[in-house]
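S.K.: Pasting a predicted model and its sequence here:
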Amino acid sequence: MKYIPKFVAVFWIVLLLAAAAASPASASRVVSNVQTITEWDMLWDTARQKGSLPAPPSDQEEWEKIGSNEVAGNKPSGSSSAWIRMVLPEMEAKTPAILLEIVYGTHIIIYKDGVIVYESFRSYNYEQDKILLPLDREDSGKSLYIWSDSRLDRLGINGGVFVGEQRELLGIMIRKDVFDIILGSSFILIALILAICSIFLYQSNRTVMLSLSAVILSAGLLIVIYPPFLFTFYREYAELYLLLFDIALFLLPPSMALFFEQILGKIVYIRRFRKWLTFYSVACFLLMIVNWLTMDRYYQLYYWASVILLGLQLMVLLIVLMVASLGRAWKGDRDAIILSVGCVCFAMLSVSELLWFFIRQGHYNLFLWKWGVVGFVISLATIFGRRLAENHRQVVQYSQELEMFNNELQRSEKMEIISDLAASVAHEVRNPLQVTRGFLQLLSSKEEEGKNKDYLKIALEELDRASNIITDFLTFAKPEFEQTKILHIDDEFRHIEGIISPMANLQGGKIHLEISDDLSIKGNSSKFKQAFINIIKNSIEALRDEGQIHIRAYRSGDEVYIHIRDNGEGMDAQTLTRLGEPYFSNKTKGTGLGMMVTFRIIEAMDGRITFTSAKGIGTESTVRFPAASSDSAPDS
């Protein structure tokens, strides 16, 4: 949290430096043959009759000295035009010209030697003119008289006035505006792509993406249309530019408030402010239509509503959003941290420029705000990208969980089928098997040594094997225990070791016990032994020369852990995932019922079993049971 203000400050400084580097003034400094005119004279035109052509005033009039960064004094009442007089410096360029960055006015006339050399008249309300006027080398020391007429209070020149080679001045003239065209067009293209992509999203994400695309679209239109490039080179569509500019200006505040409302949550004051901005933007749009239908009769009212009042509301919105995002960022919300960086950058640049615009009564060409827009849009896109990435992660997680649940469902269905089959068949099959075994055993006792004796022995072994399989079926079909008691893990495994050690010795393996004292669980002793004998037998059969089986048991929290680790052949990942499935076995004579019964017994005792294994290294099984206190009831 403590690094956020530093990061914002550094980011703001970088944007200011980049904006300064992109300004025409800085561009002109790298051109050695360009001269800058820093001051001129200004005179309000109060004598001209309406409809008459203005004539240059005499030098005896009381002209006011104006610097390039100064604003003229108060305009006299009834005056809508003014004169500017400037002296041309000594020119050495082969094809000299003068560049006037911004001249305010809808009707502009330039005189040289009493003759009109330039005239521009606009029937629409856009008053920023960028003028490149060719000169002659003989014009050095002469005076240019510039007359401009405006419907608003701002008149005169804003920005730089440069004299030099015409080709170099043309580069200065279009360099900054072309950058704005490219930047704004990129924003418009991104907004259209986002709007198209929103069709394929769910409702919640669609609202966020549409509001984001509306913010980016309106910002892109403002960046493209605000500079005088289009009005200078493509004047035939000027009224369409103004219409799009006003619509973008009306769209920006409510869409920005809606996006913040979706990202930061439904904050009451932001929601109410968003509703008010929506209502106000619709009102401004209707006022725009009325002004257009009445041929600009209500232009002054429309200008105040759509520029002054809307600009003030935009300043308030930016401050509110900045405070809200910083409040959420302080609580550790990562999206709010990113949002606050972009919002602080945009708000500080835009609010400071709007304040300066109002202080200078409109005599200021806004240019820093678009760098704030860039930072702001990057932060918005980053937040939305994080949200999409999080949604994708959740979809992947849900898909994995769904696959796991599906596998569990299939396994459960298989278990239920086998359980029903075992319950209905096992009892019916076991009785004839026992009768058959009795008769075979009787025949075997009366049979002399010979070939028939061997055949009867094989038949008895196979019947015993079939009986064991049926016993496994019955255990699986009915894992509930008729009698449970407190089992002492140490005693149970000592008994298991006595049963299984001879088999381990035949395989050349050894069993090591490491069991803590006073480990108790609740269950059935015979079923417990059956489950762990199955696990240990599998480990013994997997042993190689000088194999080791290590059995370790301990208590952690409210659970008893039992680890059985061997250094046998091990299993691959695919075999591990299928352990416990019905009829699955990696042994040539295995039925696949032993591990299935083991899983069922452990589950019936409220336990869980997991396996880890690596081919050629060995296998470790981990079984967890709820711990039982030694003073619990012995039987239930």
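M.R.: The structure has been received and is ready for your questions. Numbers count the residues shown, from 1 in each chain.
S.K.: what's the average pLDDT for the helix or strand encompassing Lys370?
M.R.: Using DSSP states H and E, the element containing Lys370 is helix 369-446. For helix 369-446, the mean pLDDT works out to 74.
S.K.: list the helices and strands it packs on?
M.R.: Helix 369-446 sits against helix 4-22, helix 166-197, helix 203-225, helix 334-359, helix 451-477, helix 594-604, with contacts defined as 3 or more C-beta pairs under 8 Å, 6 or more residues apart in numbering; DSSP states H and E. Bear in mind the C-beta positions are built from the backbone N, C-alpha and C, glycine included.
S.K.: Next, the angle helix 166-197 makes with it.
M.R.: 40 degrees (axes from the mean of the first three to the mean of the last three C-alpha atoms, to 10 degrees).
S.K.: and the angle for helix 369-446 with helix 594-604?
M.R.: Taking the same axes, to 10 degrees, one finds helix 369-446 and helix 594-604 inclined to each other by 110 degrees.
S.K.: what angle sits between helix 369-446 and helix 203-225?
M.R.: Using the same axes, to 10 degrees: helix 369-446 against helix 203-225 is 150 degrees.
S.K.: Could I get the full set of helices for the stretch 451-600 of the chain?
M.R.: 451-477, 489-506, 525-541, 573-578, 594-604 (DSSP state H, counting those that start in this stretch).
S.K.: Can you lay out the ones you listed as TSV showing mean pLDDT and mean neighbour count?
M.R.: Shown next, in TSV, are the helices of the stretch 451-600 of the chain (pLDDT from 0 to 100; neighbours: other C-beta atoms under 10 Å):
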stretch	mean pLDDT	mean neighbour count
helix 451-477	69	15
helix 489-506	84	15
helix 525-541	84	20
helix 573-578	76	12
helix 594-604	80	22
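S.K.: Which one of the ones you listed lies nearest to Arg386?
M.R.: Distance to Arg386, taken as C-beta to C-beta, is lowest for helix 573-578 among the helices of the stretch 451-600 of the chain, at 33.0 Å.
S.K.: Show the low-confidence segments of the stretch 51-200 of the chain, by residue range.
M.R.: 51-52, 69-75, 78, 152-153 (pLDDT under 70).
S.K.: Would you state the strands of it in chain order?
M.R.: With DSSP state E, counting those that start in this stretch, the ranges of strands along the stretch 51-200 of the chain come out as 64-67, 81-87, 96-104, 107-112, 115-121, 128-134, 143-149, 156-165.
S.K.: so who does Leu579 touch?
M.R.: Residues in contact with Leu579 (C-beta atoms under 8 Å, 6 or more residues apart in numbering) are Met571, Met595, Phe611.
S.K.: Run through the bridge partners of the last one.
M.R.: Using DSSP bridges, the bridge partners assigned to Phe611 are Ser621.
S.K.: going forward, begin numbering at 421 instead of 1
M.R.: I'll keep to 421 as the first residue from here, and by that count the last item is Phe1031.
S.K.: still on that earlier bit, please tabulate the strands of the stretch 471-620 of the chain in TSV and include distance to Glu656 as additional columns.
M.R.: Below are the strands of the stretch 471-620 of the chain laid out as TSV (distance: least, C-beta to C-beta, whole Å):
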stretch	distance to Glu656
strand 484-487	34
strand 501-507	26
strand 516-524	21
strand 527-532	18
strand 535-541	14
strand 548-554	16
strand 563-569	22
strand 576-585	25
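S.K.: now these as TSV including mean neighbour count and distance to Asp1026?
M.R.: TSV is the format used below for the strands of the stretch 471-620 of the chain (neighbours: other C-beta atoms under 10 Å; distance: least, C-beta to C-beta, whole Å):
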stretch	mean neighbour count	distance to Asp1026
strand 484-487	12	89
strand 501-507	20	93
strand 516-524	23	82
strand 527-532	20	91
strand 535-541	13	90
strand 548-554	18	80
strand 563-569	22	91
strand 576-585	22	81
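S.K.: between those strands, which gets nearest to Phe653?
M.R.: Among the strands of the stretch 471-620 of the chain, strand 548-554 comes nearest to Phe653, with 9.5 Å by C-beta to C-beta.
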